[in-house]
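Engineer: What follows is a predicted protein model with its sequence.
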Protein chains: 2
Amino acid sequence: MARIVMKFGGTSVAGTERIRRVANIVRAQAAAGNEVAVVVSAMAGETDRLVNFCREANPLYDPAEYDVVVSSGEQVTAGLLALTLQAMGCKARSWLGWQLPVNTFSAHANARVDSIDAEKLISSMQAGEIAVIPGFQGVSEDGRITTMGRGGSDTSAVAIAAAVKADRCDIYTDVDGVYTTDPRIVARARKQKYVTYEEMLELASVGAKVLQTRSVSLAMKRGVRVQVLSSFVDDGAPPADTLPGTMIVSEEEMDAILENSDVERQTVTGIAHDKNEARVVLTRVPDRPGAVAEIFLPLGEAGINVDMIIQNVGRDKGETDVTFTVPQSDLARAQALLEDKKDKIGFNRIITDSKVAKVSVVGMGMKSHAGVAATMFKALADRGINVQAISTSEIKVSVLIDEDETELAVRVLHTAYGLDAEAPAG
Amino acid sequence: MARIVMKFGGTSVAGTERIRRVANIVRAQAAAGNEVAVVVSAMAGETDRLVNFCREANPLYDPAEYDVVVSSGEQVTAGLLALTLQAMGCKARSWLGWQLPVNTFSAHANARVDSIDAEKLISSMQAGEIAVIPGFQGVSEDGRITTMGRGGSDTSAVAIAAAVKADRCDIYTDVDGVYTTDPRIVARARKQKYVTYEEMLELASVGAKVLQTRSVSLAMKRGVRVQVLSSFVDDGAPPADTLPGTMIVSEEEMDAILENSDVERQTVTGIAHDKNEARVVLTRVPDRPGAVAEIFLPLGEAGINVDMIIQNVGRDKGETDVTFTVPQSDLARAQALLEDKKDKIGFNRIITDSKVAKVSVVGMGMKSHAGVAATMFKALADRGINVQAISTSEIKVSVLIDEDETELAVRVLHTAYGLDAEAPAG
């Protein structure tokens, strides 16, 4: 018997027929004797419909009223799932954000969970009632509805799991786990039984769109074991005691798991790619103290996230080229900001390129292994792939390459780090 | 300057374009210096969509979860109207049922208002903020969302008006007031400037579908002046200081109005019709004490509303025919109940007829005038219309006639009581 929080996304609850499938999965967990809380998103398409209404009503919308409108999508799904569970003979009730309450800081439309009062929730679960909770929503200090930004339901689920001290938080998505890389690119990609929070964070932030980054950070901070698994299994109800997905665990738990098995720690756990970066080159920047700060300070103030930065060796004495990447969606804004400061910074011209991709290798094992980056550069060089920029963290090495070579690079690296499965996935 | 509660129904807020028209009407009232609260329904069609979801999820739905789902429709409209008003430069915010709160007795899906805490609402209105309130919804003693049954937004508006001590409650509908009869039947029907609560109650309950009956009862009990007017006026914003609709007032206010004008009190204010009745005849019921009670007790216990009752003179000694009417929607249930008790009651057979209509003349002036019923019967008899049953109240006379003769009867009576306008309406 365990206490479990389950979370289902918009595709899994799109329509009453799919909600019935979800209810079957939930019922199986409850029937196995577990205490169950379920967090649900709005039906797929519903949030977009509501956001469009808000834009039509007021292009510069007040986020407090926007929250009133868009939070209704999850409210509807929560009520419908409770009704469906009742129709199957389960005890179930919905708990809206303001009813628990899920207290958030009142940054409307992008709220963060402050605290969750889980007392009523826990009593209800202990009494055998399935708690159905709309994700994405909370309540501000002054009693108004807040929402947590797109994809916030993952974060809701993790926060609920932390509050009720759940044994695990199962996030049901349209993929059945975390793979060594995108199986659509590499047929021999392998589903992983375990990854660490740190690895998952790096994988999520570089484009493996399985979990929202904020939810992984929160899980790490609060020590919530998160499982990623698919809601689209054939019988609608996986066996309650197996772990069919990928479990995201702490480094300590991972160490214990590895100690009790014959499996050696892998140097590299996964390979991610991200085509949403753009490269910016400022040519002939004066090579003097403070010049680089004049470039990046205004970008930082404008909330533009700069990732890779390279300062080339100057071709001419006293001048240098500065290369960096920004999200494609911020490129136009970054360019305008820099043109504005052209005289102050003193560069010659801006060259931009959106046809780039970032490919990253991620793994806790990297900490204790030398040569990971060397393997990467050699494997790419052997296939003639030119590396335009590099960035590294403790457990990640990323390179910027030509967008057209993304899939080739991912395949080459997947093989180079020995990640290929014996038989193709799927 | 006045304090006004305005209410807009589903047709008036169906889509962001119509919400903009509503916002224009609201803004005109606020711009005229009034303190304004607005109560809104869900967009036309939205409640049906949500109710269907509930039925699909669970045909025997839990009304508490049903309320969670269907109340979202009004929540969306309230947020959108607040956003639209803000886009026009007005200060506005939404107040959900649980935020005020609108406390109700927790008969889910059919809740009644217990009390409304109007303190925050009044401060906000006094500060020049337009309050936007979703109709139809409240909160139960145990903090769950309740709804007030279909059409409950009229009742919400009147309850809010009573709580904030509003000078009047303007109910915007798709008709521009209360007419002497249905203008689709009688071209010379006249819009009335004033009707009393009592008259409106009789008109509403006999089929003049302008206002929900419960809202009129509540207005009468709490002394709320209610105005019925159309939201579909050409310029979207009627002059703020005229009363373009029909004002529903107390008998005392009506007396004062009549005293200060040359107009004489009309005997009859309106003529209503209702085609949703069915006639039931039980033949050869034993003419003994208690026999009639055995017919009507079980119907009452089953919640079937019996309206007109006639006991014919018995053809044979010791036997009589009993005729009465029930709503068509309850006819099958009534018939089954009576067949069940056939032996106990001792009747011969049941004859039913759905092709009947009830036509009623209503008016406060009736109290002080004799001969109203006589005028009615003579006018109908002159045109060969057969009266099958009669019922009366202090301010109403109703007759049951053949359904095919409904329109003819309404026209004949409209003329007979001198209600025809000099020129056709519209």
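Structural biologist: Looks like it arrived, so ask away.

Engineer: Point out the residues in the stretch 51-200 of chain A that sit beside chain B.
Structural biologist: A:53-54, A:56-62, A:64-69, A:72, A:75-76, A:78-84, A:86-87, A:93-94, A:96, A:98-99, A:143-145 (C-beta under 8 Å from any C-beta of the partner chain). Backbone N, C-alpha and C define where each C-beta goes, glycine included.

Engineer: just the buried members of these?
Structural biologist: Buried by 16 or more other C-beta atoms under 10 Å in any protein chain shown: A:53-54, A:56-58, A:61-62, A:64-69, A:72, A:75-76, A:78-84, A:86-87, A:93-94, A:96, A:98-99, A:144-145, out of those.

Engineer: Inside strands: which ones of those residues?
Structural biologist: Among those, the members falling in strands are A:Arg93, A:Ser94, A:Ile145 (criterion: DSSP state E).

Engineer: helix or strand for the nearest residue to A:Tyr179 once chain neighbours are set aside, which one?
Structural biologist: Closest residue to A:Tyr179 apart from its sequence neighbours, by C-beta to C-beta, 6 or more residues apart in numbering or on different chains: A:Ala189 at 4.4 Å. Using DSSP states H and E, A:Ala189 maps to neither a helix nor a strand.

Engineer: give me every residue that touches A:Ala189.
Structural biologist: A:Tyr179, A:Thr180, A:Thr181, A:Asp182, A:Pro183, A:His414, A:Leu419, A:Ala421, A:Ala425 (C-beta atoms under 8 Å, 6 or more residues apart in numbering or on different chains).

Engineer: ok, the second one touching A:Arg190?
Structural biologist: Translated: A:Thr180. Yes - using C-beta atoms under 8 Å, A:Thr180 makes contact with A:Arg190 at a distance of 4.9 Å.

Engineer: More neighbours: the two, which one.
Structural biologist: Each of A:Thr180 and A:Arg190 has its neighbours counted (other C-beta atoms under 10 Å in any protein chain shown); A:Thr180 has more, 27 against 18.

Engineer: how close does the nearest residue to the more buried one once chain neighbours are set aside sit to A:Pro183?
Structural biologist: Nearest residue to A:Thr180 in three dimensions, chain neighbours excluded: A:Leu419, at 4.3 Å (C-beta to C-beta, 6+ apart). Going from A:Leu419 to A:Pro183 by C-beta to C-beta, to the nearest Å gives 12 Å.

Engineer: Between these two, point out the one with more neighbours.
Structural biologist: More crowded of A:Leu419 and A:Pro183, by other C-beta under 10 Å: A:Leu419, with 24 against 18.

Engineer: my read is that one is in a helix, agree?
Structural biologist: No - counting by DSSP: H, G, I helix; E, B strand; the rest coil, A:Leu419 falls outside a helix, being coil.

Engineer: For chain B, what's its nearest residue on the stretch 301-426 of chain A.
Structural biologist: Nearest residue of the stretch 301-426 of chain A to chain B: A:Gly303, at 24.3 Å (C-beta to the nearest C-beta).

Engineer: secondary structure class for that residue?
Structural biologist: Secondary structure, three-state DSSP: A:Gly303 is coil.

Engineer: Per-residue pLDDT of it, please?
Structural biologist: Per-residue confidence (pLDDT) for A:Gly303: 87.

Engineer: Same check on A:Asp234?
Structural biologist: 51.

Engineer: got it, and A:Ala237?
Structural biologist: A:Ala237 is assigned 48 on the pLDDT scale.

Engineer: related to what we said a few turns ago, what would the ones in strands among the buried ones among the residues of the stretch 51-200 of chain A next to chain B look like in JSON lines with pLDDT and distance to A:Asn260?
Structural biologist: Below are these laid out as JSON lines (pLDDT from 0 to 100; distance: C-beta to C-beta, whole Å):
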{"residue": "A:Arg93", "pLDDT": "97", "distance to A:Asn260": "40"}
{"residue": "A:Ser94", "pLDDT": "98", "distance to A:Asn260": "41"}
{"residue": "A:Ile145", "pLDDT": "97", "distance to A:Asn260": "46"}
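
Engineer: Let's test this: what are the backbone torsions at the closest residue to A:Thr11 other than its chain neighbours?
Structural biologist: Leaving aside its chain neighbours, A:Thr11 sits nearest to A:Ala44 (4.9 Å; criterion: C-beta to C-beta, 6+ apart). A:Ala44 adopts backbone torsions of phi -50, psi 130, taken as degrees, to the nearest 10.

Engineer: dump the residue contacts of A:Glu394.
Structural biologist: Counting by C-beta under 8 Å, 6+ apart, A:Glu394 touches A:Met366, A:Lys367.

Engineer: do the same with A:Val38
Structural biologist: A:Val38 neighbours (C-beta under 8 Å, 6+ apart): A:Val5, A:Met6, A:Lys7, A:Phe8, A:Val22, A:Val26, A:Leu81, A:Ile130, A:Ala131, A:Val132, A:Ile133.

Engineer: And the first one, its phi and psi?
Structural biologist: Dihedral angles of A:Val5 (phi, psi; degrees, to the nearest 10) stand at phi -110, psi 130.

Engineer: what bridges to it?
Structural biologist: For A:Val5, the beta-bridge partners are A:Ala37, A:Cys169 (DSSP bridges).

Engineer: what residues are up against it?
Structural biologist: A:Val36, A:Ala37, A:Val38, A:Val39, A:Ala157, A:Ile160, A:Ala161, A:Val164, A:Ala166, A:Arg168, A:Cys169, A:Asp170.

Engineer: Looking at those, which is nearest chain B?
Structural biologist: A:Val38 (13.4 Å).

Engineer: Any regions of chain A where pLDDT drops low?
Structural biologist: A:233-243, A:313-316, A:424-426 (pLDDT under 70).

Engineer: Is the residue lying farthest from the centre of it in a helix, a strand, or coil?
Structural biologist: In chain A, counting by C-alpha atoms, centre = their mean, A:Lys317 sits farthest out from the average C-alpha position, at 44.0 Å. What three-state DSSP gives for A:Lys317 is coil.
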